[in-house]
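[1] structure of the sequence below:
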Amino acid sequence: MLIVNYNSWGECVQAIATLRANGPTRPDGSPMPFECVVVDNLSPQRDPASIAAVEHELRLLAEQQRDPLAGRLILHHENGGYSKGMNEALAHARGRWILVSNPDVLFLPGLVSRLQRQLENDPKAGCVVPKGFWDPECSGRLPPNTLPTLRELFVTTLGAFWPKVSHRYAAKLARRWVEVWTATQPIALPMMSGCMFLVERAFFERIGRFDERYPLYYEDTDLSLTIRRAGRTITQVPDAHLVHFVNRSGMRDLETMWQRHATSRRLYFRKWYGWLGPLALGLADRILNAKWLQRFRKFAFATPLQDLGASDAPPVLDLGRDCQRYLVLLSLDARFYLAAGTLGAGRTWTPSPLAFQHFVNATFYFAAYDLSGGRFERIGSWKYHCLSHLGTSVAKPPGGPQ
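    Residues are numbered from 1 along each chain as shown. Model prediction:
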């Protein structure tokens, strides 16, 4: 397993511990040897206690594997970005199968083995990915990534001025997410999430590994298109479940995160769309940021917004009707272009106490859809200011998109 760490020491410790408890197995169920290589990308917080905690977990893993090289921490001398850090980790890895992982994850029982069985038995698969959840109870599903295209750029830009366009696009995304979330058989996805995937080393090296020009974000998008161009698929394994505490590293350095995101975005559109990519991207940015066009920008929720106020208690959504089946989306984005989701039944929804411990101090938006009888009807929109951060009450009013 390869991990790139950046200010996520505590999460990294937890990931390695759950990996030790739920390592890969052979087809007959016997334990399979494995290793874990962690590269720290020059974290600003490199205190001795944090380093020692990660080294301790890696030492336990090495003892478990009876291999002194099975657990290694590499303190990189630079922060060359996620791609460069991951390629550095790969250079120190010895295995045939490469599991790429973020540090802010939990390895659940059977996760790695189910990924490996699928990759071993599916010659069309270039890489395999798990279903992602944002809470340890696996009640909140993480959205499959949306492949950035010129068409998507056009639609989202248009949606900033015509709410109906935005609403239709958000509903289309939600339908697609439900199909992926409820899949019971392996399915091919347009792109992976770089938080975790399994790939065969020989294939990974043949297609060029990660493009190190991407400092942060879009490296998984780029790799997905490279895999598909090579004639392989990105396959989701339905019974391989991963808990991913999204973007814990990024939240600790927002300025650097957004700067690197912008750089990677420009590179991606230039690489895959030639001269037209940067031209379209620049035009869209100018339209969205032009002062004289701001009066034409319009935003409206698809249904009347209910403001739940600010609280350190879990939000409670009254859906207004009994639903045989409902979908509740949770997002920091009022447009719901990127949202986690949960499926259920009844008239109300609230996160469980354990799930609520993973909420952060931010402004959240919720959207509910009634899926009863095969329909897909949006029935509510809510806004909620969370005064709890990872289980601890805070007095600071949350920021976030309005």
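[2] distance-wise, check Met32 relative to Arg270.
    Distance of Met32 to Arg270, computed by Cβ to Cβ, to the nearest Å: 41 Å. The C-beta positions use only the backbone N, C-alpha and C, and glycine is treated the same way.
[3] which one in this protein is furthest away from the centre?
    Trp292 (35.5 Å; Cα atoms, centre = their mean).
[4] partner residues bridging Tyr365?
    Bridge pairing for Tyr365 (DSSP bridges) gives the partners Ser331, Lys383.
[5] list the buried residues for the host helix or strand of Asp220?
    Using DSSP states H and E, Asp220 sits within helix 219-229. Of the residues in helix 219-229, 219-228 count as buried by neighbour count, 16 or more other Cβ atoms under 10 Å.
[6] columns distance to Leu327 and pLDDT on top of these, output as JSON lines?
    What follows is these, written out as JSON lines (distance: Cβ to Cβ, whole Å; pLDDT from 0 to 100):
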{"residue": "Glu219", "distance to Leu327": "30", "pLDDT": "95"}
{"residue": "Asp220", "distance to Leu327": "25", "pLDDT": "95"}
{"residue": "Thr221", "distance to Leu327": "26", "pLDDT": "96"}
{"residue": "Asp222", "distance to Leu327": "31", "pLDDT": "97"}
{"residue": "Leu223", "distance to Leu327": "30", "pLDDT": "97"}
{"residue": "Ser224", "distance to Leu327": "26", "pLDDT": "97"}
{"residue": "Leu225", "distance to Leu327": "29", "pLDDT": "98"}
{"residue": "Thr226", "distance to Leu327": "33", "pLDDT": "98"}
{"residue": "Ile227", "distance to Leu327": "30", "pLDDT": "98"}
{"residue": "Arg228", "distance to Leu327": "29", "pLDDT": "97"}
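[7] remind me what the helix holding Asp220 packs against, helices and strands.
    For helix 219-229, the packing partners by 3 or more Cβ pairs under 8 Å, 6 or more residues apart in numbering; DSSP states H and E come out as helix 82-92, strand 125-133, strand 233-244, helix 254-273.
[8] quick one: it to strand 233-244, angle?
    150 degrees (axes from the mean of the first three to the mean of the last three Cα atoms, to 10 degrees).
[9] quick one: secondary structure of Val328?
    Assigned state for Val328: strand (three-state reduction, DSSP: H, G, I helix; E, B strand; the rest coil).
[10] hang on, it packs against Pro315?
    No: with contact defined as Cβ atoms under 8 Å, Val328 does not count as touching Pro315 (10.2 Å).
[11] max pairwise distance over the buried residues of helix 219-229: which two?
    Greatest spatial distance in those: Glu219 and Arg228, 15.2 Å, computed using Cβ to Cβ.
[12] ok now stretch 170-185, how far from the chain's centre?
    Mean-position distance between stretch 170-185 and its chain equals 16 Å (Cα atoms, centre = their mean, to the nearest Å).
[13] which parts of this structure belong to which domain?
    Domain assignment for the chain, taken from automatic domain parsing, gives 2-171+178-251, 305-393.
[14] turn those domains into a markdown table, including distance to Arg265.
    Below are the domains of the chain laid out as a markdown table (distance: least, Cβ to Cβ, whole Å):
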| stretch | distance to Arg265 |
| --- | --- |
| domain 2-171+178-251 | 6 |
| domain 305-393 | 15 |
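[15] among the ones you listed, which is nearest Leu279?
    Smallest distance to Leu279 across these (Cβ to Cβ): 10.0 Å, for domain 2-171+178-251.
[16] related to what we said a few turns ago, ok, of the helices and strands packed on helix 219-229, where does mean pLDDT dip lowest?
    Within the helices and strands packed on helix 219-229, confidence is poorest for helix 254-273, with a mean of 90 (mean pLDDT).
[17] mind putting the buried residues of helix 219-229 in a markdown table, distance to Ile3 included?
    Formatted as a markdown table, these follow (distance: Cβ to Cβ, whole Å):
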| residue | distance to Ile3 |
| --- | --- |
| Glu219 | 15 |
| Asp220 | 15 |
| Thr221 | 20 |
| Asp222 | 20 |
| Leu223 | 17 |
| Ser224 | 20 |
| Leu225 | 24 |
| Thr226 | 22 |
| Ile227 | 21 |
| Arg228 | 25 |
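[18] rewinding a little: give me the common contacts of Val328 and Pro315.
    Counting by Cβ atoms under 8 Å, 6 or more residues apart in numbering, the residues touching both Val328 and Pro315 are Phe366.
[19] on that earlier part again, for Leu150, which of the helices and strands packed on helix 219-229 is the nearest?
    Minimum separation from Leu150 across those (Cβ to Cβ) falls at helix 254-273, 6.2 Å.
[20] returning to that earlier point: the domains of the chain: which one's closest to Leu281?
    domain 2-171+178-251 (6.8 Å).
[21] distance of the nearest residue to Phe366 once chain neighbours are set aside relative to Leu308?
    Nearest residue to Phe366 in three dimensions, chain neighbours excluded: Trp382, at 4.2 Å (Cβ to Cβ, 6 or more residues apart in numbering). Between Trp382 and Leu308 the computed distance is 6 Å (Cβ to Cβ).
[22] now swap in Arg168 and tell me
    Applying Cβ to Cβ, the value for Arg168 to Leu308 is 26 Å.
[23] buried residues of stretch 372-391, list them for me.
    Buried positions in stretch 372-391, judged by neighbour count with 16+ other Cβ under 10 Å: 378-389.
[24] now do it: distance to the chain's middle.
    The answer for stretch 372-391 is 19 Å, by Cα atoms, centre = their mean.
[25] redo the buried residues of stretch 372-391 as CSV? Include secondary structure, pLDDT and distance to Pro148.
    Compiled in CSV, the buried residues of stretch 372-391 are given as follows (DSSP: H, G, I helix; E, B strand; the rest coil; pLDDT from 0 to 100; distance: Cβ to Cβ, whole Å):
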residue, secondary structure, pLDDT, distance to Pro148
Arg378, strand, 98, 25
Ile379, strand, 98, 30
Gly380, strand, 98, 29
Ser381, strand, 98, 26
Trp382, strand, 98, 28
Lys383, strand, 98, 27
Tyr384, strand, 98, 29
His385, strand, 97, 30
Cys386, strand, 97, 29
Leu387, coil, 97, 34
Ser388, strand, 96, 33
His389, strand, 93, 30
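[26] mind putting those in CSV, distance to Ile98 included?
    Rendered in CSV, the data for those read as follows (distance: Cβ to Cβ, whole Å):
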residue, distance to Ile98
Arg378, 41
Ile379, 44
Gly380, 43
Ser381, 42
Trp382, 42
Lys383, 42
Tyr384, 40
His385, 42
Cys386, 37
Leu387, 42
Ser388, 37
His389, 34
